[in-house]
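K.L.:
Following is a predicted model, sequence given first.
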Amino acid sequence: MATGWAREGAVQEQIDDTVNDAVAQARRELTHAGASATHCDECGEPVPERRRDAIPGVRLCVACQEVRDNQRRGAGFNRRGSKDSQLR
Ligand SMILES: [Zn+2]
């Protein structure tokens, strides 16, 4: 009986592993389908694989992303700045 129980457990483990592998593979395929750019949309520099893994669907390299982020922040600051100066 003990042996039968152990076998059942082993089979269950195998099933779990198979499911986990399938999920992991599906996620990998989804990430690829999410069209992460291998090269930056902006400057054409290669996008590091780690960055593509970390941000599914990433389109820009680190440098261009920073420029874009700074532009957005800068626009926000400018609007606030002009409002402040109007108030004063
Ligand atoms: Zn770039």
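P.N.:
Yep, that arrived. Numbers count the residues shown, from 1 in each chain.
K.L.:
Would you mind listing what in this structure touches the ion?
P.N.:
Cys40, Glu42, Cys43, Glu45, Cys61, Cys64 (Cβ under 5 Å from the ion). Just so you know, the C-beta spots here come from the backbone N, C-alpha and C atoms, and that holds for glycine as well.
K.L.:
how about 6 Å then?
P.N.:
When proximity is defined as Cβ under 6 Å from the ion, the chain approaches the ion at Cys40, Glu42, Cys43, Glu45, Leu60, Cys61, Ala63, Cys64.
K.L.:
buried subset of those residues?
P.N.:
Neighbour-count burial (16 or more other Cβ atoms under 10 Å) applied to those gives Cys40, Leu60, Cys61, Cys64.
K.L.:
Tell me how this structure divides into domains.
P.N.:
Following automatic domain parsing, one gets these domains for the chain: 1-33, 37-88.
K.L.:
which stretch in those has the least confidence?
P.N.:
If the domains of the chain are sorted by mean pLDDT, domain 1-33 sits at the bottom with a mean of 70.
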